[in-house]
Structures are given as structure tokens and as C-alpha cells.
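# test case, fold it:
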Amino acid sequence: MDAPRTCPEEVGPGDLGRLLSVNPFFASLGAESVAALAGLCVTRRLEAGRTLFSQGDPGDALYAVRRGQIRIVAEGPDGENATLNLLGPGDVFGEVALLDGEPRTASAVAVEATELFAILRRDFLALIERRPQVAIRLIAFLCARIRWLSRRAEEASFLSLEDRLLRRLAGLHEDYGSPITVSQEELARFVDAARESVNRQLQIWKREGLIGLGRGRIDILDPDALMRRAGAVTGE
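This is a model prediction of the structure:
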């Protein structure tokens, strides 16, 4: 595994506290707990394509993305990789392994130059012992993740490829705007489909003026139409 490099710039606890306070994971903890968490963080930076941690590595830290993008990738028994999630500024990941100390269930790779905040497991557990409200918030956060995974399983079982693509593009657009930095191969893995099938559907949407296609990216040309179609799929 490529070792994360410590960023030479110093980030003050106040700056980090402001970032943490707008993240769903930390938002309800209160200013005092957020300040305590900020004091535990170290800053790390990865170049594009570098691995933060690999599947099977010890789970020893929680991460929050400050700048850039991280791809979460799992390797199946046949050696094929599947993109589980794309994470951007403000997103938190690694929380399960942080609590149980078990090996990582997926790898984390920098899509672009990325800067992260990290909280080591030993420091985080010590804070939970001192502040039980942090543990309560963590439980709620993990429940939200379980619901997200359940929705992914439902998509694979019950939705058509077109509907799965609509939901995924709408979610990525909400998180990252346009363009979305993802290749068609990665998107195919993301929705559990063949790349050729994904390409055919994307070409249909391109002709309709819904999207534009570039090398390693998808431009959302009509975001309102995209969200309406995705809303029809979800019943919203």
C-alpha cells in the first residue's frame, strides 16, 4: 500500500472545527465536542491515483475529505473491482473499521489530488469514553450507512439499468455538480452492469440533450430533467 504523506501545512483547530461542524457526521455533537475532535486530527495528502488504504489493511483511522475525491473500491473473489462509492469534500469514511479494528473491507484510492483529515482509532476511542454523546451520534451515522447499503441492494434486485443509472447520476450530481468525474467502466461497476449496456443508455441520453460525454467525465446538461426522472424512479 502507498503510505499517506503528512501534509506540511498546519491547519488550525478552528479551521478544522468549522469544516467538521457542517458535516452530517459531526453536526449534532455540539461545539465543545467538535473542538475536541478537531484537536485529534492530523492532515494527510495524496496525489491522484495513490492508495490511502487497501482492502484487508488494519482499520486504524477515520478520514474526512477536505479537498479532492476518494473512490471506495472492493475486490471480488474473481479479481474484479467494483466501485462502491465516490466521496468528496466533507464526506467521512472508515468509521466501521475505526470502531471494531477489523481489516478494511474495501480500498480507498485518490481520484485526484486529495487532502484529508484523519483521526486515529486509539484517540477516537479515548474521546468516546470521555464523551458518550459522540458514540450516540456515531450509532445514528452507521444506521444511515446501513440504509444506504440496503437501497443499493434493492436497486440491483428490482430496478432496470436505466433506473439504476438515473438514480446514480442524480446522486453524483447532487454531491459533485457537473461535470461528474467518472469513466463509463467505473459507472458500469457502480450500477452492476456491463460497460456496453451503460454506454448504449448514455448515448440515448446524449442524443436527448440530457448529458454530454467526455473522456472520463459526464456533463449534466439538463439537471432539472435528470432530477425529475430520478424522482419518478424513487417516487419523490
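# where does the prediction get shaky in this protein?
Applying pLDDT under 70 to the chain picks out residues 1-16, 19, 23-29, 77, 97-98, 149, 151-158, 232-236.
# residue nearest the centroid of it?
Centroid-nearest residue in the chain: Leu87, 2.7 Å away (criterion: C-alpha atoms, centre = their mean).
# against Leu165, how distant is it?
The gap separating Leu87 from Leu165 is 20 Å, by C-beta to C-beta, to the nearest Å. Any C-beta I mention is one placed from the backbone N, CA and C, and that applies to glycine too.
# so which elements touch the helix or strand containing Arg200?
Arg200 belongs to helix 195-207 when elements are defined using DSSP states H and E. With contacts defined as 3 or more C-beta pairs under 8 Å, 6 or more residues apart in numbering; DSSP states H and E, helix 195-207 has these neighbours: helix 161-176, helix 184-190, strand 211-214.
# could I get the ones you listed as CSV with distance to Val111?
Conversion of these to CSV gives the following (distance: least, C-beta to C-beta, whole Å):
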stretch, distance to Val111
helix 161-176, 10
helix 184-190, 9
strand 211-214, 15
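# got the ones you listed as CSV, with distance to Arg228 and mean neighbour count columns?
As requested, these are arranged in CSV below (distance: least, C-beta to C-beta, whole Å; neighbours: other C-beta atoms under 10 Å):
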stretch, distance to Arg228, mean neighbour count
helix 161-176, 10, 19
helix 184-190, 21, 19
strand 211-214, 14, 16
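# name whatever forms a beta bridge with Glu115.
Here Glu115 sits in beta bridges with Arg45, Arg67, as judged by DSSP bridges.
# next, count neighbours for it.
Applying the criterion other C-beta atoms under 10 Å, we find 17 residues in the vicinity of Glu115.
# surely it meets Arg67?
Yes. Taking C-beta atoms under 8 Å as the contact criterion, Glu115 and Arg67 are neighbours in contact, 4.5 Å apart.
# quick check: the gap between Ser150 and Arg104.
According to C-beta to C-beta, Ser150 and Arg104 sit 21 Å apart.
# of those two, who's got more company?
Taking other C-beta under 10 Å, Ser150 and Arg104 do not tie; Arg104 has more neighbours (21 against 10).
# for that one, give its distance to Val22.
Arg104 is 27 Å from Val22, where distance means C-beta to C-beta.
# again with Ile218
Relative to Val22, and taking C-beta to C-beta, Ile218 is found at 27 Å.
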